[in-house]
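Undergrad: dropping the sequence and predicted coords here.
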Amino acid sequence: TAAFLAVTAGGALAEGETVGFSQIGSESGWRAAETTLTRQQAEERGIQLQFSDAQQKQENQIAAIRSFVAQGVDAILLAPVVATGWDSVLQEAKEAEIPVVLLDRQVDSSEDLYLTAVGSNLVHEGEVAGEWLANEVGDRECRIVELQGTTGSSPAIDRKTGFENAIKDHPNLTIVRSQTGDFTRALGKEVMESFLQAENGGKDICALYAHNDDMAVGAIQAIKEAGLKPGEDILVVSIDAVPDIFKAMADGEANATVELTPNMAGPAFDALAAYWADGTMPPKFIQTESKLFTQADDPAGEYERRKGLGY
Ligand code: AHR
């Protein structure tokens, strides 16, 4: 009722609403920060957040959404682990008139099955990373190894496409090996070890492109253990802009990252508040910024600044 409503930071009404959040898991530092910030944003607005950790499994996410629908929540936030297989459960939420907002990853379902999606342009992120590398390398021959994100996830698909777009007119740049590291530090290290072994102990690798910073941090460790200098012998470019990659950049062990904000919930709750208040329909895609950071952008300072931002 009106007595329970309050004006939020975004200027709209939200207090007292219940929102179910189906989160993927905690595979990366970025993911953990997104969870922290979603909890914070909900608390600041007086929203009751029902949190469900899917442990990387789509079936757990589907079960969580069904349970949110059965409880009759006021909205659902979904960070979808993979892009396909959501039609039926999204249809069920729609039939129950519960708005669904996608966070950070995309689905290949019809747009009318969700209210809006908050996220970055994932293809563009890959392009920014690829353009940085092409520019850095110039006319040199450069054999690139790629650590992909979770197979079937929209960031893995789109960040690959974007990077390939950016290097396609540079025949001196070639991706020689590409494998998933599932967005985790441990697999990033393990897969990089196999790349190094297969590429003359790493001497034939000029650059690593990792679909997230955590995999890059794991790979940096593998490069050091192989007796090479990450950031010099092997250039390192990745995506997310988490504190640890700035530490690596400050130490000269990583070269560039593309920022993905972990605060997807703020814009999502603003859109929901307006929708709840008077039925305002948000745009289908609320885009967050993708900014490039290099060793020239005060990585030590960025490391300090970011530690307080949910990481
Ligand atoms: O969907 C966003 C990606 O998921 C982040 O880049 C990665 O760190 C996370 O696991």
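TA: Here it is on my side, so go on.
Undergrad: show me what the host helix or strand of Ser178 is packed up against.
TA: Element membership for Ser178, per DSSP states H and E: strand 173-180. Here strand 173-180 touches helix 122-137, strand 142-148, helix 154-167, helix 185-198, going by 3 or more CB pairs under 8 Å, 6 or more residues apart in numbering; DSSP states H and E. No exception for glycine: its C-beta is placed from N, CA and C like everyone else's.
Undergrad: Asp213 is nearest to which of those?
TA: Judged by CB to CB, the one of the helices and strands packed on strand 173-180 that comes nearest to Asp213 is helix 185-198, at 9.1 Å.
Undergrad: which residue is the nearest non-sequential neighbour of Lys307?
TA: Pro243 (5.3 Å; CB to CB, 6 or more residues apart in numbering).
Undergrad: the one you found touches Gly310, doesn't it?
TA: No - Pro243 is beyond contact range of Gly310, at 10.3 Å (criterion: CB atoms under 8 Å).
Undergrad: neighbours around Gly152, how many?
TA: A count of neighbours around Gly152, defined by other CB atoms under 10 Å, yields 14.
Undergrad: do the same with the one 5 residues further on
TA: Residues within reach of Ile157, counting by other CB under 10 Å, total 22.
Undergrad: measure the closest residue to it other than its chain neighbours to the ligand for me?
TA: In this structure, Ile157 finds its nearest non-sequential neighbour in Ala83, 6.8 Å apart by CB to CB, 6+ apart. Distance, Ala83 to the ligand, by CB to the nearest ligand atom, to the nearest Å: 11 Å.
Undergrad: what's the pLDDT at the closest residue to the ligand within the stretch 51-200 of the chain?
TA: Proximity to the ligand, evaluated over the stretch 51-200 of the chain using CB to the nearest ligand atom, is greatest for Phe183 at 3.7 Å. The score at Phe183 is 98. That number is its pLDDT.
Undergrad: could you shift the numbering so residue one becomes 89, and keep it that way?
TA: Happy to do that; since the first residue is 89 now, the last one works out to Phe271.
Undergrad: near it, how many other residues are there?
TA: Phe271 has 28 nearby residues by other CB under 10 Å.
Undergrad: the one 10 residues further on too?
TA: With neighbours defined by other CB under 10 Å, the count for Glu281 comes to 18.
Undergrad: ok, it to Lys335 distance?
TA: 22 Å (CB to CB, to the nearest Å).
Undergrad: and what of Val225?
TA: Distance from Val225 to Lys335, by CB to CB: 24 Å.
Undergrad: cool, Trp118 as well?
TA: From Trp118 to Lys335 the distance is 15 Å (CB to CB).
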